[in-house]
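Undergrad: One predicted model, sequence on top.
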Amino acid sequence: MSDLLATSPDTWRDRASDAPAIPAELIAPVDAPWRVRLEALRSRHRLREQRAEKVYADSRSPARGWPVADNAAVFAFLGRLLRQRRGMFAAVVVLNALAAATGLLVPRLLGGLIDRTVADTPGGMSLNVLALLVVVVVSAQALFTYLGQRTSTIFGQDLLSSAREYIVDTILRLPLGRVEGASTGDLVTRVTRDVGTMSRSVQYGLPMAIITLLTVALSIVAMLLNSLLLALPALVLIASSAFQVRRYLQRAQKCYITEGATYSQINTTLTETVEGARTVESLRLSEQRLKAAEDDLAVSAQAERYGMTLRNLLFAVIDIAFNAPRVITVLAGAYGYSRGWVSLGQITAAILYVEALAGPLDRLVGEVDRLQVGAASTSRLLGIAQVPPDRIAGPDLPEGSDLVGDDLRFAYREGHDVLHGIDLSLEPGERLAIVGPSGSGKSTLGRLLSGINAPRTGSARVGGVELVALPLEVLRTEVALVTQEHHVFVGSVRDNIILAREDSTESAVWDALEAVGSVDWVRRLPAGLDTLLGSGNQALTPAQAQQIALARLIVADPHTLVLDEATSLIDPRTARTLEGSMNALLSGRTVVAIAHRLHTAHDADRIAVVIDGRIAELGSHHDLVERDGEYAALWRAWTS
């Protein structure tokens with residue numbers, strides 16, 4: 001493996017000589033003879049197909065990024081959802097089958113009316129009785145259709161609810177290290193666009209596919225019972241489209257997965273550009289970023305064109321196969337009637353059946369296409385569930401609250417450790433400050449001590465148990481990490497604070513707000529604790545949002561806190577007041593504070609100075625100042 005650090009400057013090389021995102025073979029010729037344009041179109045379609053197959057193959061086991069599940073996983077997921085709703089699924093099938101069956105009786109009855117009128121023979125059902133029977137059947141069809149549609153809607157909504165809950169649960173179980181290391185744009189695309197696509201397929205596509213499939217099957221049975229002579233030519237013509245439908249289905253999922261991958265790349269480039277807008281401006285990279293976005297759109301357009309060509313080829317065949325039976329049925333009926341093989345009523349019924357069959361068949365193909373899109377999105381979502389866990393919870397529970405790290409080493413890239421054999425032992429109730437220059441490994445050490453990541457070698461234990469061997473719900477009651485990042489959820493101030501412990505009393509909420517110095521501004525909010533926060537509601541400053549995050553942590557009540565620049569968004573005077581007001585509440589807890597502001601270190605029991613992934617110095621503020629080493633130099637620079 002090449003040294004990534006040594007070759008990293010190459011990522012900023014001039015890319016003007018790189019191959020274009022869209023090869024010349026995918027650009028349509030201009031002012032060429034029609035034969036040349038036709039052959040070029042075929043060539044572009046084949047090349048787009050090859051590109052889609054490559055993206056599909058790479059998605060199965062990507063070196064980086066998120067995988068895509070196979071069809072077996074999608075069918076297993078759908079089967080599990082259906083098995084949990086056997087009764088409702090059966091009701092959907094039965095009610096819609098009854099609606100389709102009653103609807104198919106109408107052409108047969110109309111045919112009987114015609115035969116009765118033409119023959120004008122005594123006996124049999126009178127015209128009035130037949131007409132009344134038609135009215136009864138149409139009314140029954142309307143009732144069954146209403147009940148079937150209502151049941152299908154409830155069934156679809158219930159499926160959708162379970163599917164979304166599963167996806168949310170899966171996302172929340174993702175290892176944080178994998179989330180941070182993979183493409184954010186891809187994950188965002190999956191949990192937004194793909195969730196929406198899957199939702200539409202589950203909510204509408206699956207029930208409608210069931211309904212139209214039942215209607216098609218019963219229509220074919222009704223056609224055969226009416227007249228084999230009139231049914232077989234039409235059915236043979238319709239069946240002739242099966243080859244093109246099969247060909248389309250074999251390629252559609254690869255096409256839609258490729259489209260999803262291009263959307264992910266668009267979002268990735270856009271997200272990187274927006275988040276790094278200041279850097280883009282500073283380094284004058286606007287043109288390069290615009291070019292990258294244009295290339296992403298061009299690649300996505302090629303994937304869309306491949307899908308559009310597949311659909312055009314399918315619909316061209318279907319239009320012929322579904323419309324020609326109308327003519328064939330009339331011709332076969334005329335010939336059969338001249339030979340006395342069929343009656344006018346049978347011909348009428350057959351034509352009505354063909355007409356009634358074309359609509360459901362067309363809808364069935366459309367729903368199958370919708371399900372193909374949904375299956376591709378579902379496979380991308382289920383791919384997230386295939387990410388292996390970064391820990392296996394054991395049965396042991398901590399005995400005590402002592403936090404110990406032995407020979408801690410960690411690497412974000414293989415062969416490049418950022419921590420080099422750190423040994424650290426904290427007594428319950430001790431306050432340890434970790435200081436050092438940026439990039440020295442302070443935050444990484446904090447992640448290991450809070451159980452976010454497992455060390456490459458060595459162990460991080462609480463109460464004698466490995467942190468990564470604890471179930472997450474137990475770990476977060478033992479050790480909690482608060483970073484510079486924060487999030488305000490949609491909900492009231494109270495909801496945001498008691499998120500980690502929902503049985504908290506109102507007095508506990510006010511105590512937490514008092515501890516972080518937020519009581520005054522919370523009381524000034526329009527509805528106090530009931531004021532709604534989050535998107536579209538009361539806006540908070542970064543400092544206020546960070547105070548809410550700290551109050552949430554206090555209510556969670558872990559015995560050990562790891563504060564990674566937890567007051568970085570608050571001005572120094574307020575931060576000093578905040579840290580002072582938290583002292584009483586943090587009494588008895590173990591606190592690991594990672595900070596650049598050395599006044600935090602001044603009040604700690606011990607200070608660990610981390611330099612290049614190693615603890616260079618360890619001791620109290622006064623001891624380290626007297627040593628006149630790394631910490632003393634940092635302190636003089638801070639106070640000068």
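TA: Received, thanks.

Undergrad: For the stretch 251-400 of the chain, just list every one of the helices.
TA: 277-282, 286-338, 344-385 (DSSP state H, counting those that start in this stretch).

Undergrad: ok now the last one, how far from the chain's centre?
TA: Read it as helix 344-385. Relative to the centre of its chain, helix 344-385 is centred 26 Å away, using Cα atoms, centre = their mean, to the nearest Å.

Undergrad: buried ones in the helix or strand following that helix?
TA: Next in sequence after helix 344-385, counting helices and strands by DSSP states H and E, comes strand 403-413. Buried residues in strand 403-413, defined by neighbour count with 16 or more other Cβ atoms under 10 Å: Leu403, Val404, Gly405, Leu408, Arg409, Phe410. The C-beta positions use only the backbone N, C-alpha and C, and glycine is treated the same way.

Undergrad: List the pairing partners of strand 403-413 within its sheet, with orientation.
TA: Strand partners for strand 403-413, identified by DSSP bridges, are recorded as strand 416-426 (antiparallel), strand 457-462 (antiparallel).

Undergrad: picking up where we left off before, what's the most distant pair in the buried residues of strand 403-413?
TA: Leu403 and Arg409 (17.7 Å; Cβ to Cβ).

Undergrad: Val368 is nearest to which of the strands paired with strand 403-413?
TA: Closest among the strands paired with strand 403-413, using Cβ to Cβ: strand 416-426, at 49.4 Å.

Undergrad: which one of the strands paired with strand 403-413 has the most crowded surroundings?
TA: strand 457-462 (a mean of 19; mean count of other Cβ atoms under 10 Å).

Undergrad: I would like the residues contacting that one, please.
TA: Strand 457-462 is contacted by residues 398, 401-409, 421-422, 448-449, 451, 454, 466-468, 470, 478-479, 560 when judged by Cβ atoms under 8 Å, 6 or more residues apart in numbering.

Undergrad: now stretch 405-417
TA: Against stretch 405-417 from outside (Cβ under 8 Å, 6+ apart): 1, 4-5, 181, 418-425, 444-445, 448-449, 453, 455-461, 613.

Undergrad: circling back to that earlier point, Serialize the strands paired with strand 403-413 to JSON lines and add fields for distance to Ile554 and mean pLDDT.
TA: Shown next, in JSON lines, are the strands paired with strand 403-413 (distance: least, Cβ to Cβ, whole Å; pLDDT from 0 to 100):
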{"stretch": "strand 416-426", "distance to Ile554": "20", "mean pLDDT": "89"}
{"stretch": "strand 457-462", "distance to Ile554": "19", "mean pLDDT": "90"}
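
Undergrad: Quick one: closest of the ones you listed to Trp341.
TA: strand 416-426 (83.9 Å).

Undergrad: Now do the following helix or strand past the closest one: distance to the chain's middle.
TA: Heading C-terminal from strand 416-426, the first helix or strand you meet, by DSSP H and E, is strand 431-435. Computed by Cα atoms, centre = their mean, the chain-centroid distance of strand 431-435 equals 38 Å.

Undergrad: For strand 431-435, which strands pair with it and how are they oriented?
TA: strand 590-594 (parallel), strand 606-611 (parallel).

Undergrad: most packed of the ones you listed?
TA: strand 590-594 (a mean of 24).

Undergrad: which strands and helices sit next to the helix or strand following it?
TA: Using DSSP H and E, the helix or strand that follows strand 590-594 in sequence is helix 598-602. When contacts are defined as 3 or more Cβ pairs under 8 Å, 6 or more residues apart in numbering; DSSP states H and E, helix 598-602 packs onto strand 431-435, helix 572-585, helix 630-639.

Undergrad: that older thread, for Cys255, find the nearest of the helices of the stretch 251-400 of the chain.
TA: Taking these one by one with Cβ to Cβ, helix 286-338 is closest: 4.5 Å.

Undergrad: mean confidence for that closest one?
TA: Taken as a whole, helix 286-338 has a mean pLDDT of 88.

Undergrad: starting at the chain centroid, how far to stretch 304-322?
TA: With Cα atoms, centre = their mean, you get 29 Å for stretch 304-322.

Undergrad: got the contact list for it?
TA: Residues contacting stretch 304-322 (Cβ under 8 Å, 6+ apart): 44-45, 48-49, 51-52, 237-238, 240-241, 244-245, 248, 251-252, 255-256, 258-259, 358, 361-362, 365, 369.

Undergrad: are any of those buried, and which?
TA: Buried among the contacts of stretch 304-322 by 16+ other Cβ under 10 Å: 44, 48-49, 51-52, 237-238, 241, 244-245, 248, 251-252, 255-256, 258-259, 358, 361, 365, 369.

Undergrad: so Ser507 is in which element?
TA: helix 506-515.

Undergrad: After that helix, heading C-terminal, what element do we hit next?
TA: That would be, after helix 506-515 and using DSSP H and E, helix 519-523.

Undergrad: The following helix or strand past that following helix packs against which elements?
TA: Downstream of helix 519-523, the next assigned helix or strand under DSSP H and E is strand 532-533. In terms of contacts (3+ Cβ pairs under 8 Å, 6+ apart), strand 532-533 is packed against strand 491-492.
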